[in-house]
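K.L.:
following is a predicted model, sequence given first.
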Amino acid sequence: MRKTIGALALIMVGSAAAGPLQAQGRRGGPDLDEQMTALTEQLELNEEQAAEVRKILEVQGEKRQEAFQGAGGDRSAMRGIMQEIQEETSLMLAEVLSEDQMATYEEILAERRQRRGPPPFG
């Protein structure tokens with residue numbers, strides 16, 4: 001009986017711990033497929049552009065993940081690194097997108113930043 005109760009308690013604790021981890025995976029926003037669907041539609045990407053944009057976003061996503069893991073909880077350092085990665089991403093996309101598409105992409109980024117609002121507590 002005690003073993004059963006102990007096992008159930010362990011399962012419940014494990015489930016409770018897994019919930020926030022699963023939520024964290026979605027915390028950053030849409031996954032790559034969702035991003036590509038939205039960007040392909042909003043920027044009217046042709047097949048070649050969509051393939052190039054996907055490659056860029058995959059590489060930059062990996063860099064973001066590495067930066068997140070290496071930041072050690074330093075939010076200030078993380079913010080700077082993420083800003084650098086975003087600037088690099090924009091430069092890479094500018095080589096693939098037309099001027100009109102790039103202007104639309106910059107508008108999308110500006111709207112996204114505005115929706116987020118200022119960071120809490122500085």
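P.N.:
Received it, and whenever you're ready, just let me know what you need. Since the structure is predicted, the reported quantities are computational estimates derived from the model, not experimental observations.

K.L.:
and the strand or helix carrying residue 82, what other elements does it pack with?
P.N.:
Residue 82 is located in helix 75-94, with elements delineated by DSSP states H and E. Identification of packing neighbours for helix 75-94 by 3 or more Cβ pairs under 8 Å, 6 or more residues apart in numbering; DSSP states H and E yields helix 47-70, helix 99-116. Quick note: C-beta positions are derived from backbone N, CA and C, even for glycine.

K.L.:
avg pLDDT for it?
P.N.:
What helix 75-94 shows for mean pLDDT is 89.

K.L.:
and it, what's buried?
P.N.:
Residues of helix 75-94 classed as buried by neighbour count (16 or more other Cβ atoms under 10 Å): 78, 81, 85, 89, 90, 92, 93.

K.L.:
what do you get for stretch 30-40?
P.N.:
Those would be 36, 39, 40, for stretch 30-40 by 16+ other Cβ under 10 Å.

K.L.:
what about residue 73, how many residues nearby?
P.N.:
By other Cβ atoms under 10 Å, 6 other residues sit near residue 73.

K.L.:
tell me the secondary structure for it?
P.N.:
coil (DSSP: H, G, I helix; E, B strand; the rest coil).
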